[in-house]
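[1] What follows is a predicted protein model with its sequence.
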Amino acid sequence: MTGKCRKFFEYLYDKDDKEHSQFKFLFDEYYFCLMVGLAAEMYDENAKFEQSEFTDTYPGDYIYSRDYIAGLLIATERKRRGIQESDSAALEKLMVEYLDPESKTRLSSTGTERLNQYAARGIDIIMEVMSKPYDLETFLLEYMDCFEQRKFFTQY
């Protein structure tokens with residue numbers, strides 16, 4: 001995660017949240033940024049990441065989404081690189097580069113790095129399009145509105 005991500009979401013994270021009105025995991029913030037970066041098909045190759053509390057796996061219910069997250073990375077990279085769906089050799093090369101079926105996240109170290117780069121670009125886009133959130137409900141409504149109105153990727 002980049003420091004600006006933590007700063008932007010500072011009012012929405014509360015690991016002890018008992019009313020479920022805040023983010024419980026730092027990964028929640030990361031995930032929202034990641035989805036924007038992937039949707040915009042943009043990543044930050046020079047992102048500066050803070051020392052992380054993240055582990056080599058996904059927290060909580062996200063563990064069940066690891067295959068979908070890996071699939072989204074492959075689909076985004078395929079499209080961004082202009083690889084045709086019928087080009088099995090190029091698809092296999094891409095998958096070998098980014099996937100590791102033995103990894104807890106299903107990603108290789110290269111895949112993890114690229115995923116982090118998409119999330120880093122995602123927070124930049126979010127910060128350009130949205131106002132800083134102070135409550136989860138308002139954030140979620142604005143976030144979904146930005147997707148529906150294509151605000152996250154029409155400017156880029």
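    Yes, it's here. Because the structure is a prediction, the values reported are computed rather than measured. Numbering: from 1, shown residues only.

[2] After the longest helix along the chain, which helix or strand is next? Please name it.
    If you go by DSSP state H, the chain has its longest helix at helix 109-129. Using DSSP states H and E, the helix or strand that directly follows helix 109-129 along the chain is helix 136-148.

[3] quick one, helices of this protein?
    3-8, 26-40, 66-81, 88-98, 109-129, 136-148.

[4] what would those helices look like in a markdown table with mean pLDDT and distance to F49?
    C-beta coordinates here come from the backbone N, C-alpha and C atoms, glycine included. Listed next are the helices of the chain as a markdown table, based on pLDDT from 0 to 100; distance: least, CB to CB, whole Å:
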| stretch | mean pLDDT | distance to F49 |
| --- | --- | --- |
| helix 3-8 | 85 | 9 |
| helix 26-40 | 90 | 11 |
| helix 66-81 | 95 | 17 |
| helix 88-98 | 97 | 18 |
| helix 109-129 | 94 | 6 |
| helix 136-148 | 93 | 22 |
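
[5] how about the ones you listed, which one is nearest T57?
    Nearest of these to T57, taken as CB to CB: helix 66-81 at 8.1 Å.

[6] What is that closest one packed up against?
    helix 26-40, helix 88-98, helix 109-129 (3 or more CB pairs under 8 Å, 6 or more residues apart in numbering; DSSP states H and E).
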